[in-house]
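Enquirer: What shape does this take:
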Amino acid sequence: MVGKSLGGEEDIVKVHQACCVPTGVTQIHASLEEASQVEPSQVLHRIPVLARFGLLVVLCVVTGVTALWLFGITGPGQTTTAWQNNAPIDMWLRWDCGWYQAIAERGYSYTPGQQSAVAYFPLYPLVMRGVMAFGVDVFLSGIAVTLVSGGLGALVFHQWARTLKPGAADWALTLLLTWPFAYYLAGAVYSDALFLLVVACAFLFLERRQLGWAVLLGALATATRPVGPAVVLGLCARAWELDMREGKPSWKTALPLLSGAGALAYMVYLGVAFGDPLAFLHSQAGWGQLTNQPGFKPALFNGHRDWPEFVSPLIHLTLALGLLALAWPMRKRLGWGYSVYVAAVLALPLYSSRDFIGLGRYGIAAFPSLLVLAETLREKPRWVRLAYVASSVALLVVMTARFAIGRYVS
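Expert: Numbers count the residues shown, from 1 in each chain. All right, here's what the predicted structure looks like:
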């Protein structure tokens, strides 16, 4: 009778659940079930850009300090002992940091055929010197310039990505901040973070059709790193592409050629100061770069590498070729102007590098590839996306640790 009046056994069960299960428990269960369907990256994407950059900095510092505590300095990359008792500072003062210190403190020097300061373009050490004018230590100045540039670079990159592909911008930022060499944005005294900031600004202003600002920021980019031809080609190609899309090409399309003024000004200085406008190229011989040695990248097989130092160049090469391959679908997803930029910015170090070391760092400069990769990954199953991010973070931890203990990683 009861079953009949309530409409059957199913109704009895429902009444029992309603009576016996508290409403709060039911809501918690529903919330947990909903949360289980949320991808971890979606939670991460809700975090503000600078907070996500802060997570990168924390990860790198914890990794570097731990590596120094466990192993100490095991490679020749330490450039100073001034901060050796302060691991969170000391871990960033490796390799090229010494050259930037010398330029910021004493200016440029050049000895033909040997490693010389002129190989390093001037904007980064100039900004360091500007910070030093406030009484800040030269090494702390370099770390500060990198940190500020890295944070602002992440913001501008995200804004640029939202301008082109709003749905993939958050994923693209995740890929940038988990790139295996993203520690160069988090404190390393290198010019990569500053270059990302100015070149991403240049392309963002170009997308907004603010050509004057695009040219100015492009000129700063060509004064930051020796990949100026890639910047000039990329800006020119993209400007032409946008004008043709709007159906109104004009003489202003050629204005991005002026973005080469940064590199040109540096060459004029080198010509006046040292009698060699191409001293930055000629000094590469001191590092074994741009030399006509017989064979294919003979430095790769010099017989003096342990296995991590042999595998490392292959990791660089694999990452660079992967980003270069994305330049092909990029022509349809972002535009062929960006394909030209990425191809040029990666082809230059592919040719000039003696053993491919450093190519992974150019993944930061080839930032349009990360946006294309983000769009591609969004179309893949969830486990593919998570596997990629996990492997990238793992490699980031390894590379950061090796950098901190003075090993040659880039």
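
Enquirer: contacts, neighbours, all on C-alpha from now
Expert: Will do.

Enquirer: count of residues packed around Ser250?
Expert: Applying other CA atoms under 10 Å, we find 10 other residues in the vicinity of Ser250.

Enquirer: so what's the nearest residue to it once chain neighbours are set aside up against?
Expert: The spatially closest residue to Ser250, leaving aside those adjacent along the chain, is Asp243, at 7.7 Å (CA to CA, 6 or more residues apart in numbering). By CA atoms under 8 Å, 6 or more residues apart in numbering, Asp243 lies in contact with 249-250, 253.

Enquirer: Quick check: what element follows whichever strand or helix holds Asp243 along the chain?
Expert: Following DSSP states H and E, one finds Asp243 within helix 228-246. Per DSSP H and E, the first helix or strand lying C-terminal to helix 228-246 is helix 261-274.

Enquirer: buried set for that next one?
Expert: Buried residues in helix 261-274, counted by 16 or more other CA atoms under 10 Å: 261-264, 266-267, 270, 274.

Enquirer: Can you tell me what sits against that helix?
Expert: Residues from elsewhere that reach helix 261-274, judged by CA under 8 Å, 6+ apart: 110, 118, 121-122, 219-223, 226, 228, 276-279.

Enquirer: Now do it: distance to the chain's middle.
Expert: The chain centre lies 27 Å from the centre of helix 261-274; the measure is CA atoms, centre = their mean, to the nearest Å.

Enquirer: okay, the angle between it and helix 228-246?
Expert: Put simply, helix 261-274 runs at 160 degrees to helix 228-246, going by axes from the mean of the first three to the mean of the last three CA atoms, to 10 degrees.

Enquirer: returning to that earlier point: least confident pick among the contacts of Asp243?
Expert: Comparing pLDDT over the contacts of Asp243, Pro249 scores lowest. The value there is 74.

Enquirer: pretty sure it is in contact with Ala239, am I right?
Expert: No: contact between Pro249 and Ala239 fails when scored by CA atoms under 8 Å: they sit 9.2 Å apart.

Enquirer: of those two, who's got more company?
Expert: More neighbours surround Ala239 than the other of Pro249 and Ala239, with 25 against 15 (other CA under 10 Å).

Enquirer: Contact partners for that one?
Expert: Contact analysis of Ala239 by CA under 8 Å, 6+ apart lists 206, 253, 256, 337.

Enquirer: in this protein, which ranges drop under the pLDDT threshold?
Expert: Residue ranges of the chain with pLDDT under 70: 1-45, 290-310.

Enquirer: Just give me the longest helix of it.
Expert: Counting by DSSP state H, the longest helix found in the chain is helix 138-164.
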